[in-house]
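Enquirer: Below are the sequence and a predicted model for it; my questions follow.
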Amino acid sequence: MPTTASDAPAARAMRTAATVADVRRAVGEVRRGGARVGFVPTMGFLHEGHLRLVDAARHASDYVVMSIFVNPLQFGPTEDLARYPRDPEGDAAKAASRGVDLLFTPSVEEMYAANRAVSVTATGLDRRWEGEIRPGHFAGVLTVVCKLFNVVQPDVAVFGQKDFQQATLVRAMVRDLDVPLEILVAPIVREADGLAMSSRNVYLSPDERRRALSLSRALRAVTDAFDAGERSPVALVAAGRRVLDAESDVRVDYLAVVSPTTLEPVARAEAGAAALLAARVGATRLLDNAVLGEAWPAPTVP
Ligand code: AMP
């Protein structure tokens with residue numbers, strides 16, 4: 001069993017599991033051997049953003065579990081569940097070559113009993129932004145993440161800053177429900193031209209892909225204005241909106257400067273505040289964000 005994060009990924013053979021019992025068996029074995037367990041939950045169609053979370057998990061643990069599960073509970077009735085991109089073979093190859101030790105790919109039936117009666121819902125932090133636009137989304141996310149935590153029982157779990165509100169809610173769940181693990185949040189991984197990596201980028205036509213660059217450019221305008229000394233959230237948002245409004249067919253759901261802990265809009269922007277952005281480019285909804293006062297592009301995970 002590998003015990004150090006410096007082991008070459010290729011030297012580690014990846015196991016796969018489709019059932020809760022198999023995950024418990026595999027993780028139980030390595031835990032008895034003293035391994036610290038890291039966990040990266042995903043919905044698959046893996047890209048470099050997901051794989052950097054694996055790097056961070058490897059850095060922070062001895063044995064890395066990744067889950068790939070397109071969670072129906074977090075999709076609204078009119079959302080893209082049925083056509084969400086999937087590539088099981090490609091994902092397994094990427095996960096294995098990046099050093100995942102155990103890949104958990106449960107079916108919907110394995111995860112959810114037909115008579116399930118309990119879910120995890122937020123009592124705050126989900127009122128605005130994604131929570132407002134996608135009712136029920138975060139209950140779906142928190143429920144599946146809580147279940148996955150209970151199945152894998154990791155020591156550390158890694159999430160992406162890309163889904164800022166989600167990471168904030170997961171941290172809050174761990175705190176408020178005394179879940180015994182550590183949460184790490186890894187920076188956003190971007191394409192060379194600035195577009196935040198996302199499984200949903202595959203929906204974009206070449207022209208939409210070009211227009212989607214306005215999201216990162218808008219956030220860049222916000223952080224540039226902040227770096228130049230602007231502290232008014234209204235002025236910062238206006239700097240971003242100018243970029244977005246100049247692009248055709250980019251419909252902004254929200255652009256706001258918020259407290260990183262309460263996710264409420266701030267009266268004055270300070271370093272550490274987050275600019276949260278969601279916009280539709282054609283039929284595709286994209287999320288991006290930037291933390292004010294941090295280097296752009298965001299530094300990568302060690
Ligand atoms: P998903 O498969 O979209 O549910 O994402 C799984 C995890 O990967 C979540 O914690 C996301 O925040 C994270 N993630 C997705 N895209 C990126 C990205 N471009 N950079 C960093 N993390 C990401």
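Expert: Looks like it came in fine. This one's a predicted model, so the numbers in the text were calculated from it and none came from an experiment. Numbering: from 1, shown residues only.
Enquirer: give me every residue that touches Val257.
Expert: 222, 233, 236-237, 265-266, 269, 273-275, 292 (Cβ atoms under 8 Å, 6 or more residues apart in numbering). The way it works is simple: take the backbone N, C-alpha and C, and place the C-beta from them, glycine included.
Enquirer: Quickly find the element holding it.
Expert: Per DSSP states H and E, Val257 falls inside strand 250-258.
Enquirer: So what's the gap between the helix or strand just after that strand and the chain middle?
Expert: The helix or strand immediately downstream of strand 250-258 is strand 274-281, counting by DSSP H and E. Per Cα atoms, centre = their mean, to the nearest Å, the displacement of strand 274-281 from the mean C-alpha position of its chain is 14 Å.
Enquirer: For strand 274-281, buried residues please.
Expert: The neighbour-count check on strand 274-281 (16 or more other Cβ atoms under 10 Å) flags 274-279, 281 as buried.
Enquirer: what subset of the residues you listed is also close to the ligand?
Expert: With the criterion set as Cβ under 6 Å from any ligand atom, no member of the buried residues of strand 274-281 is near the ligand.
Enquirer: Could I get those residues in TSV, plus columns for pLDDT?
Expert: Formatted as TSV, these follow (pLDDT from 0 to 100):
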residue	pLDDT
Ala274	98
Ala275	98
Leu276	98
Leu277	98
Ala278	98
Ala279	98
Val281	98
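Enquirer: where do the helices sit along the stretch 151-300 of the chain?
Expert: 164-176, 206-227, 233-245 (DSSP state H, counting those that start in this stretch).
Enquirer: which residues sit against the last one?
Expert: Taking contacts as Cβ under 8 Å, 6+ apart, the residues outside helix 233-245 that touch it are 214-215, 217-219, 221-222, 224-226, 230, 250, 252, 255-257, 265-269, 273, 275, 277, 279, 292.
Enquirer: change it to 7 Å
Expert: Residues from elsewhere that reach helix 233-245 (Cβ atoms under 7 Å, 6 or more residues apart in numbering): 214, 217-219, 221-222, 225-226, 230, 250, 252, 255-257, 265-266, 269, 275, 279.
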